[in-house]
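Enquirer: just to be clear, the model below is a prediction. Sequence and coordinates:
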Amino acid sequence: MKSLGLYRKNEIDCYALHYFPDTKQAEALHMIIPPVGSYIGAGRPVIFLENIENEEGAVGKLKEAIDKFRAPDPS
């Protein structure tokens, strides 16, 4: 697995991007950026993509999917 960095969609929603070169899959983990002093939890996988040829393709396709995705309600 290769970490491709973070993508911040807005003031609250952030996504950790990962690429798996052996299986040509990519994923985005949703993480909430809480107010100062609040607990930060582990990310939840929300987007999985297959047949991704390289890291650059993974970043572009994940960001495109994230922009169309509505994050789950944390409550």
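Expert: Thanks, I have the structure now.
Enquirer: what's the pLDDT at the closest residue to residue 50 other than its chain neighbours?
Expert: Nearest residue to residue 50 in three dimensions, chain neighbours excluded: residue 25, at 5.3 Å (CB to CB, 6 or more residues apart in numbering). For the C-beta atoms, the positions are set from N, CA and C on the backbone; glycine is no exception. Per-residue confidence at residue 25 stands at 97 (pLDDT).
Enquirer: buried set for the helix or strand of the chain with the lowest mean pLDDT?
Expert: Within the chain, no helix or strand scores below strand 44-49, which has a mean of 88 by mean pLDDT, DSSP states H and E. For strand 44-49, the neighbour count (16 or more other CB atoms under 10 Å) marks 46-47, 49 as buried.
Enquirer: mind giving me CSV with these and columns for distance to residue 64?
Expert: Listed next are those as CSV, based on distance: CB to CB, whole Å:
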residue, distance to residue 64
46, 14
47, 10
49, 10
